[in-house]
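[1] model this:
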Amino acid sequence: MKTPLLLAAPAFALGALALGAGPAVAEDGTYQASLSPANNSGTSGQAMIDVRGSQATVSINVSGAAEIWKNAPFPHGQHIHIGGQGVCPGPQADADGDGVVSSPEGEPYAGRIAVSLTLEGDTSPASAVAADRFPGGGAYTYTRTITLDAATLEAIRTGNATVEVHGVDPNKLPPAVQQKASPEDPSLPLAATLPAACGTLAASQVSGPMPGAPDTGIEGVGKADDGATALAVAAGIGAVALAAGAVAVRRRTAGGK
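    Below is the predicted model:
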């Protein structure tokens, strides 16, 4: 017995809708990293990135960081790194044996700087040491919505991106290191640009910006919820179409008697 065309069409539509919803769901999501101390800094925190298309709301909470630098709040450079192994470097990355791991030494592990998480203005690698545009002090909360390029988005979604916070209290470093200049900017001491905390971004069960962060106006649900919603909508449309098709067949059959 042949399947009536009106009954087959809704099933095809349901499959098409489900397939069409898949890639859109995979594009968005929330990613989180626990920031663990580096270079004996005592700095720790949490980073969360809520991705919607090319837009990302970045939320960071930091505590235990260096407090004062030149009689002002110690500036803490913070970045998204990509292109390495997607892991935070350990002591084995200390190539020159000075007892600390600088950003260049850690690059094969954490990756290169892709995004500078500044308070305002440029967010490119060119702002990596823009000390006057980073948050400062021993504890802070940061939230900003920025645009990410395709390479950074791909690294975040595949678990190959890290977040680093920089700036270590010189008193916590070996005496010889306290006298060193930063390889990123020789006008700064090494302590100013040393990684202080690091974490690898991974998919989070929490949706949206970090709890307690200012409202960004972005609304949405996590990947799993988005998928369930898309399939539920598709199933609902398919069910309505199926019922309509069945009614049409019954009417045609009744009319033929």
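
[2] looks like Leu119 contacts Phe134 (just checking).
    Yes - using Cβ atoms under 8 Å, Leu119 is in contact with Phe134, at 6.6 Å. In this view, the C-beta of every residue, glycine as well, is placed from N, C-alpha and C.

[3] neighbour count: the two, which is higher?
    When Leu119 and Phe134 are compared for neighbours, Phe134 comes out ahead with 25 against 12, by other Cβ atoms under 10 Å.

[4] gap between the more buried one and Gly45?
    In this view, Phe134 and Gly45 are 14 Å apart by Cβ to Cβ, to the nearest Å.

[5] got it, and Ala95?
    For Ala95, the distance to Gly45 equals 27 Å [Cβ to Cβ].

[6] same check, this time on Ala139
    Computed with Cβ to Cβ, the distance linking Ala139 and Gly45 is 9 Å.

[7] need the overlap of contacts for the two.
    Contact criterion Cβ atoms under 8 Å, 6 or more residues apart in numbering; residues shared by Ala139 and Gly45: Val62, Ser63.

[8] who has more neighbours out of the two?
    The neighbour count for Ala139 versus Gly45, taken as other Cβ under 10 Å, is higher for Gly45 (25 against 13).

[9] Leu35 is in contact with that one, correct?
    Yes - using Cβ under 8 Å, Gly45 is in contact with Leu35, at 4.2 Å.

[10] tell me, what's touching those two both at once?
    When contacts are counted by Cβ under 8 Å, 6+ apart, Gly45 and Leu35 are jointly contacted by Ile60, Val62, Val165, Ala197.

[11] could those residues go into CSV alongside neighbour count?
    Converted to CSV, the shared contacts of Gly45 and Leu35 look like this (neighbours: other Cβ atoms under 10 Å):
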residue, neighbour count
Ile60, 25
Val62, 23
Val165, 30
Ala197, 32
